[in-house]
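[1] Only the shape, not the letters, is given here:
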């Protein structure tokens, strides 16, 4: 028995061994899940976007005859991620499978980054157990089997946070460049990262006491990273613009039929307004204004209803949306683990080390994510961005219990 315990402890003490265990558990669990439940083909917006890029050399989501409207609605990174696979393997029925294989690999690396991140706060054993739990968490396992930017975004987000927390104790220009590059790529992956980025810069200036020159340099690297896409948009639209689609996303979340997941079917009145939008390169920008105006009109008509819906989204996002219409997520392996980790993380919020500025940063990022996503229509897969933080709180709670019990005995 003692030898078994010793072997177990030795495994957790060896970072190389725990990394290999986590990586292979991740690969196997994700491959099996993708085989049975993974997307088989590209569909909807990703199919149109990549097809137009592959066949017509234009990054466009819609077209009117020969007029291809330059894309502003979908952030570019994931579209080009799929496009690279199309260049290598061809635009065929197996393309989705090739993309998912790469996503499985990235998703299998993500628990290793999570391990590096939580090892800043916990010992090797707790970090190892936490990383294994993270690697096998059902929603995390399922995510890379879907054609979605969720896997790439989670991988990049945790990498960014892990590196960002090193700023206060490392004076290395390479680290500054890496953080700036990661931030730029994240901005081009999901637009909501802009708020997380600005918050991170502000927090590090005030609480980590990072030299403002270093932060300016990081921001310049980020700006250089996104500048080709900004330049492309400026040349086409004659103004600096990064993304459009804000109005559409607000309308999805704030219309009379909207629930937690939003509502996507246009009313006849809205269809008529959109039909009147001139079909030129500014179509998506002007269409987005129609959606925004309609959403504002709905909010003004019944503000209490939409405040209540926002609160419901907050609760659903922190715990789990029991009214989800997506059958793949409405099952035991999604609902029960999500609810349990959310519930235990509440206790973690009570006992976490409130004097640790790095830990507080993580918690504030979690709440910022919950707040941002709850403003708009929520899909079940978005919860993958919150799970790492809830798991950290859960580990904190069990670490607190362990320390309490060890003192008593």
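    Done, it's in. None of the values given here were measured: they were computed from a predicted structure.
[2] and the residue nearest to residue 72 when sequence neighbours are not counted, what element?
    The shortest distance from residue 72 to any non-neighbouring residue, by CB to CB, 6 or more residues apart in numbering, is to residue 244 (3.8 Å). In this view, the C-beta of every residue, glycine as well, is placed from N, C-alpha and C. In this structure, residue 244 sits in neither a helix nor a strand according to DSSP states H and E.
[3] Can you give me the buried ones in whatever helix or strand residue 372 lives in?
    Here residue 372 sits within helix 357-374, counting by DSSP H and E. For helix 357-374, burial by neighbour count (16 or more other CB atoms under 10 Å) applies to 357-359, 361-363, 365-366, 369-370, 372-374.
[4] Check the burial of the nearest residue to residue 186 once chain neighbours are set aside by counting its neighbours.
    The spatially closest residue to residue 186, leaving aside those adjacent along the chain, is residue 193, at 4.3 Å (CB to CB, 6+ apart). Residue 193 has 24 neighbours, counted by other CB atoms under 10 Å.
[5] Kindly report the same for residue 117.
    The burial count assigned to residue 117 is 22, neighbours taken as other CB under 10 Å.
[6] before we move on, back to that, tell me what the helix holding residue 372 is packed against?
    Packing partners of helix 357-374 (3 or more CB pairs under 8 Å, 6 or more residues apart in numbering; DSSP states H and E): helix 193-206, helix 303-318, helix 387-408.
[7] Residues touching that helix, excluding its own?
    By CB atoms under 8 Å, 6 or more residues apart in numbering, the surrounding residues in contact with helix 357-374 are 120-121, 161, 165, 168, 192, 195-196, 199-200, 203, 207-208, 310, 313-314, 317-318, 349, 352-354, 382, 385-386, 389-390, 392-393.
[8] What of stretch 183-191?
    Contacts of stretch 183-191 (CB under 8 Å, 6+ apart): 75-78, 149, 152-153, 156-157, 160, 193-194, 197, 218, 221-226, 229, 242-243.
[9] what do you get for stretch 292-311?
    Outside stretch 292-311, the residues touching it (CB under 8 Å, 6+ apart) are 246-247, 250-251, 253-256, 258-260, 270, 273, 374-375.
[10] among the residues you listed, which are in helices?
    Among those, the ones falling in helices (DSSP state H) are 246-247, 250-251, 253, 270, 273, 374.
[11] right, and out of these, which lies closest to residue 137?
    residue 374 (21.2 Å; CB to CB).
[12] what does the model give that closest one for pLDDT?
    If you check residue 374, the pLDDT there is 96.
[13] same thing with residue 327?
    Per-residue pLDDT puts residue 327 at 78.
[14] Tell me, how many residues neighbour it?
    Neighbour count for residue 327, taken as other CB under 10 Å: 7.
[15] what's the distance between residue 262 and residue 51?
    26 Å (CB to CB, to the nearest Å).
[16] Mind jotting down where the helices sit in the stretch 101-250 of the chain?
    For the stretch 101-250 of the chain, the helices defined by DSSP state H, counting those that start in this stretch occupy 124-135, 138-142, 150-164, 173-187, 193-206, 212-237, 246-253.
[17] could you check the angle helix 193-206 makes with the longest one?
    Translated: helix 212-237. With axes from the mean of the first three to the mean of the last three CA atoms, to 10 degrees defining the directions, helix 212-237 sits at 160 degrees from helix 193-206.
[18] what angle separates helix 212-237 from helix 173-187?
    Helix 212-237 runs at 40 degrees relative to helix 173-187, counting by the same axes, to 10 degrees.
[19] Could you give me the buried positions within helix 212-237?
    Across helix 212-237, burial judged by 16+ other CB under 10 Å covers 214-215, 217-219, 221-222, 225-226, 229, 233, 237.
[20] do the fifth one as well
    Within helix 193-206, the residues that qualify as buried are 193, 196-197, 200-201, 203-204, counting by 16+ other CB under 10 Å.
[21] so can I have CSV of the residues you listed showing distance to residue 277 and pLDDT?
    Output for those, formatted as CSV (distance: CB to CB, whole Å; pLDDT from 0 to 100):
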residue, distance to residue 277, pLDDT
193, 29, 97
196, 32, 98
197, 32, 98
200, 37, 98
201, 37, 98
203, 41, 98
204, 42, 97
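[22] Can you tell me which of the residues you listed is nearest residue 34?
    Using CB to CB, residue 193 comes nearest to residue 34 of the buried residues of helix 193-206, at 26.1 Å.
[23] The closest one contacts residue 152, doesn't it?
    No - assessed by CB atoms under 8 Å, residue 193 is found out of contact with residue 152, at 11.8 Å.
[24] Report the mean per-residue pLDDT for the strand or helix carrying residue 98.
    Element membership of residue 98, judged by DSSP H and E, is helix 95-118. Averaged over helix 95-118, pLDDT sits at 98.
[25] Tell me how many other residues crowd residue 265.
    Counted by other CB under 10 Å, the residues lying close to residue 265 total 8.
[26] Residue 40 too?
    Counted with other CB under 10 Å, residue 40 comes out at 11.
[27] Surely it touches residue 98?
    No - Residue 40 lies out of contact with residue 98 (CB under 8 Å); the separation is 11.9 Å.
[28] which residues do the two both contact?
    What both residue 40 and residue 98 touch, as defined by CB under 8 Å, 6+ apart, is an empty set.
[29] Next one: residue 61 from residue 222, what distance?
    Counting by CB to CB - residue 61 and residue 222 are separated by 25 Å.
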